[in-house]
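# could you look at this predicted model? Sequence included:
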Number of protein chains: 2
Amino acid sequence: MNPYLLRCLELAHRAPPSVGVNPRVGALLVESERILAEGWHERPGGPHAEIAAIEAVPPSLRERIPAATLYVSLEPCCHAGKRTPPCTGRILAEGIGRVVVGCCDPNPQVAGRGIETLRQAGVAVELAPDPRPFEAVIRPFARSIRRRRPYVILKWAETADGKIGRSSGERLLISGSEALRYVHQLRSRSQAIMVGKNTVRRDNPLLNVRYAPGQPPVRILFDIDLDLDPTLAVFRPDAPVIVINHRRNESQGHLHYFVPHNKTAYIRLDILLGELYERCGIGTLLVEGGRYLLQQFLNQDVFDEVHVLRGPQTAPEADVTAPRLPDELYLDYIAPLGADLLFIYYPSNPNR
Amino acid sequence: MNPYLLRCLELAHRAPPSVGVNPRVGALLVESERILAEGWHERPGGPHAEIAAIEAVPPSLRERIPAATLYVSLEPCCHAGKRTPPCTGRILAEGIGRVVVGCCDPNPQVAGRGIETLRQAGVAVELAPDPRPFEAVIRPFARSIRRRRPYVILKWAETADGKIGRSSGERLLISGSEALRYVHQLRSRSQAIMVGKNTVRRDNPLLNVRYAPGQPPVRILFDIDLDLDPTLAVFRPDAPVIVINHRRNESQGHLHYFVPHNKTAYIRLDILLGELYERCGIGTLLVEGGRYLLQQFLNQDVFDEVHVLRGPQTAPEADVTAPRLPDELYLDYIAPLGADLLFIYYPSNPNR
């Protein structure tokens, strides 16, 4: 692959999960084999990668911009966003004559029109010979913008005989240290994490990132009647907390009390997630339990990936069984993590 | 997926890398929803998974075997191996009436004939609805048996400006702890690891598995004139060492002096690897450096995967550049590992 396009991919990966409903994009300006500047999309409302790169060009090199090639992992936008003007306008205003694009923007508001706008203005636009690595980087974005809901990963750990816990609340050790580290990596790549009320009450989980580098995700809880003990660990101020309830709709420091506008959201996850996407800018969501909540996501067909960590031991006496997987899942990936096995499933038809 | 087929996959993953040129296979016998016994392929020359499962049935349950269903991740073999009789014969001798198979055996000596043999003898044979997860488990085996050489993974770490070291030998720190752990996981899944002579001499590497669970791989070295210092760390007795040379062809404890039969093997890696496959039973090989050796594997088109760990820092003063990737590689996977990025490339046409 062209090394500048590869570099765009690297820069795109610098976008943190908090980039939210926005795509992860990287860009650089190259003139006569010299990189003038690089940029990436760093936060919602912040400059897009192309603009960040243009603005990072040192004053002494600015006169070279018209002669430069702009490499960008995703098609430049041609529509004004809520907080940002269209990138195509800025590219034309800078007089950039050549643009190399990783892949087309799946956003229906763009979808080729960004490239078309540039070409009609006389800019030479080339597409990467193989768009797949660029599409892979924005997969969560591509899925979420089409469905107007976050990209959802369901995750649980189960024993070799398919148990995930004990109804008594007594702890069931399932995963080894490698598997635990994997869970924390998953968390560090998720913008938000969701758990059911019983899990919060019974396990008092921290839901932070301990065994991997990264920021703690937004915690999303169900506390319909606002009767959870406020001293529970999930209410800690180290990350924003969204409390889904039916009484208060206001923010208090890091606590965001969230009442869905559409009351059906209490029983329909697609509607609830749609509101979290539109109103809170939640673009990626990891659901960690408990069993009831996970099964609801599966039954209602509101998910994009399922990660199951299967431990080597059985627990015949444990009585909470793992969620039942729908038949039409596709088992895409299996890998050992220490003595555990990781299974990653996708919906058979991800475009459903 | 059928839970018994899923269990076969889990059992298949228990096969250690030392299973070598053999496939990783899992099997279980189920009668009236009860698992009578499980088995997997544990070592070259050891019983195949089906036989291991049959032989693990407790004496009190042996009379149930004819009524049981045999689940097995790979088609049972119908040919006598070097050390094992055909599995189809044993299945028929046990009177097993129903067999469920994950995928067909890519071994040209089997390739559907195992299933055919069973069916002609009146056994009901079913195939998994989706063979892909089963094919994925045996991918190294499938590739290596077709080419009669080990499945080869090339791996290196490079800086953000594409440097892998200093010709002075002075250490260049590139990867963070997550990336390092990844390298050790790769090693723990490889039967053998190969490095060039200069790397051994200059870096004195341990080439063992420290930051992941697992056994140290076989170490394969080039020491054509047998003039490497025998106190170098690679000669430690914690794992077998294969020393490619042109003088001695004999084993001395853990040291195996290896003179290729075909002298072309000194310059043609496919011939050298073919001999390591046939004579030493090496089924999977990780090549870690140095630059010259990696470039030879790339240039001679003798590899199945390339894993590149790209660090976040540049090293303008370092003078050893990363191997040059051929144009027709396909970048399949990118993932952050701490501040590093992992790139996994495959040949565009893996069946070439």
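Done, it's in.
# what residues does the stretch 51-200 of chain A have near chain B?
Residues of the stretch 51-200 of chain A that fall close to chain B, judged by CB under 8 Å from any CB of the partner chain: A:130, A:132, A:133, A:136, A:137, A:160, A:162, A:178, A:189. For glycine as for every other residue, the C-beta is placed from the backbone atoms N, C-alpha and C.
# quick check, nearest of those residues to residue A:77?
Using CB to CB, residue A:137 comes nearest to residue A:77 of those, at 16.2 Å.
# which residue sits closest to that closest one, ignoring its sequence neighbours?
Once flanking residues are discounted, residue A:137 sits nearest to residue A:12: 5.0 Å by CB to CB, 6 or more residues apart in numbering or on different chains.
# what stretches of the stretch 51-200 of chain A score poorly on pLDDT?
Within the stretch 51-200 of chain A, no range satisfies pLDDT under 70.
# list buried residues within the residues of the stretch 51-200 of chain A next to chain B.
By neighbour count, with 16 or more other CB atoms under 10 Å in any protein chain shown, these hold A:130, A:133, A:136, A:137, A:160, A:162, A:178, A:189 as buried.
# show me what contacts the residue in the stretch 1-150 of chain A positioned nearest to chain B?
With CB to the nearest CB as the measure, residue A:133 is the residue of the stretch 1-150 of chain A nearest to chain B, at 4.5 Å. Residue A:133 makes contacts with A:1, A:9, A:102, B:331, B:332, B:334, as judged by CB atoms under 8 Å, 6 or more residues apart in numbering or on different chains.
# top of these by neighbour count?
Counting neighbours by other CB atoms under 10 Å in any protein chain shown, residue A:102 leads the contacts of residue A:133 with 28 neighbours.
# count the residues that sit near the residue nearest to residue A:137.
By the criterion of other CB under 10 Å, residue A:12 has 26 neighbours.
# do the same with the one 3 residues further on
Each residue near residue A:15 was counted by other CB under 10 Å, and the total is 23.
# what's the closest non-adjacent residue to it?
Nearest residue to residue A:15 in three dimensions, chain neighbours excluded: residue A:24, at 3.8 Å (CB to CB, 6+ apart).
# what domains does the record give for chain A?
As recorded under automatic domain parsing, the domains making up chain A are A:3-142, A:148-347.
# turn those into CSV, columns for distance to residue B:154.
Putting these into CSV (distance: least, CB to CB, whole Å) gives the following:
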stretch, distance to residue B:154
domain A:3-142, 17
domain A:148-347, 19
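# so the residue of the stretch 201-350 of chain A found nearest chain B is in which element?
Closest residue of the stretch 201-350 of chain A to chain B, CB to the nearest CB: residue A:331 (4.5 Å). For residue A:331, the host element (DSSP states H and E) is strand A:329-337.
# enumerate the residues of the stretch 251-352 of chain A near chain B.
Residues of the stretch 251-352 of chain A lying close to chain B (CB under 8 Å from any CB) are A:310, A:325, A:329-334, A:336, A:338-339, A:341, A:343.
# where does the prediction get shaky in the stretch 251-352 of chain A?
Along the stretch 251-352 of chain A, segments meeting pLDDT under 70 span A:350-352.
# still on that earlier bit, okay, and which of the buried ones among the residues of the stretch 51-200 of chain A next to chain B map to helices?
Using DSSP state H, the subset of those located in helices is A:133, A:136, A:137, A:178.
# ok so, going back, I figured the residue of the stretch 201-350 of chain A closest to chain B hits residue B:1, correct?
Yes: shown here, residue A:331 and residue B:1 form a contact pair, counting by CB atoms under 8 Å, at 5.9 Å.
# which neighbours do the two have in common?
B:130, B:133.
# do you know how far the closest residue to residue A:92 other than its chain neighbours is from residue B:124?
Distances taken as CB to CB, 6+ apart put residue A:121 closest to residue A:92, at 5.2 Å, once the chain neighbours are dropped. Look at residue A:121 and residue B:124: by CB to CB, to the nearest Å, they are 67 Å apart.
# for residue A:40, same thing?
Counting by CB to CB, the gap between residue A:40 and residue B:124 amounts to 57 Å.
# look at those two and report which has more neighbours.
Taking other CB under 10 Å, residue A:40 and residue B:124 do not tie; residue A:40 has more neighbours (25 against 12).
# need phi/psi at that one.
Dihedral angles of residue A:40 (phi, psi; degrees, to the nearest 10) stand at phi -150, psi 160.
# contact partners for it?
By CB under 8 Å, 6+ apart, the residues touching residue A:40 are A:11, A:12, A:14, A:15, A:24, A:25, A:26, A:27, A:49, A:52.
# can you tell me which of the residues you listed has the most neighbours?
With neighbours defined as other CB under 10 Å, the most crowded of those is residue A:27; it has 32 neighbours.
# spell out the secondary structure type for it.
Per DSSP: H, G, I helix; E, B strand; the rest coil, the local secondary structure of residue A:27 is strand.
# so it makes contact with residue A:14?
No: counting by CB under 8 Å, residue A:27 does not reach residue A:14; the two are 11.4 Å apart.
# what residue lies at the spatial centre of chain A?
The residue lying closest to the centre of chain A (CA atoms, centre = their mean) is residue A:284, at 3.2 Å.
# pretty sure that residue sits against residue A:151.
Yes: between residue A:284 and residue A:151 there is a contact at 4.8 Å, judged by CB under 8 Å.
# shared neighbours, these two?
A:140, A:144.
# nearest residue to residue A:259 other than its sequence neighbours?
Per CB to CB, 6+ apart, closest to residue A:259 is residue A:249, 4.1 Å.
# need the three-state assignment for the one you found.
Classification of residue A:249 using three-state DSSP returns coil.
# show me the contacts for it.
Shown in contact with residue A:249 (CB under 8 Å, 6+ apart): A:257, A:258, A:259.
# can you flag which of the residues you listed belong to helices?
Judged by DSSP H, helices contain none of those.
# looking at the residues you listed, which is nearest residue B:63?
The closest of these, once distances to residue B:63 are taken by CB to CB, is residue A:258, at 61.7 Å.
# report how many residues lie close to the closest one.
When counting by other CB under 10 Å, one arrives at 23 neighbours for residue A:258.
# quick one, strands of the stretch 101-250 of chain A?
In the stretch 101-250 of chain A, the segments counted as strands under DSSP state E, counting those that start in this stretch are A:124-127, A:151-158, A:163-165, A:192-195, A:218-222, A:241-244.
# pairing partners for the second one, with directions?
So that's strand A:151-158. Partners of strand A:151-158 in the sheet, by DSSP bridges, are strand A:284-289 (parallel), strand A:305-310 (parallel).
# just those: most buried one?
Sort those by mean neighbour count, taking mean count of other CB atoms under 10 Å in any protein chain shown, and strand A:284-289 sits at the top with a mean of 25.
# now do the helices in chain A.
Using DSSP H, the helices assigned to chain A run over residues A:3-12, A:49-55, A:87-93, A:113-120, A:132-137, A:139-147, A:177-188, A:197-203, A:269-280, A:291-299.
# what's the burial count for residue A:47?
Here the number of neighbours of residue A:47 (other CB under 10 Å) works out to 21.
# please report how far it lies from residue A:281.
Going from residue A:47 to residue A:281 by CB to CB gives 17 Å.
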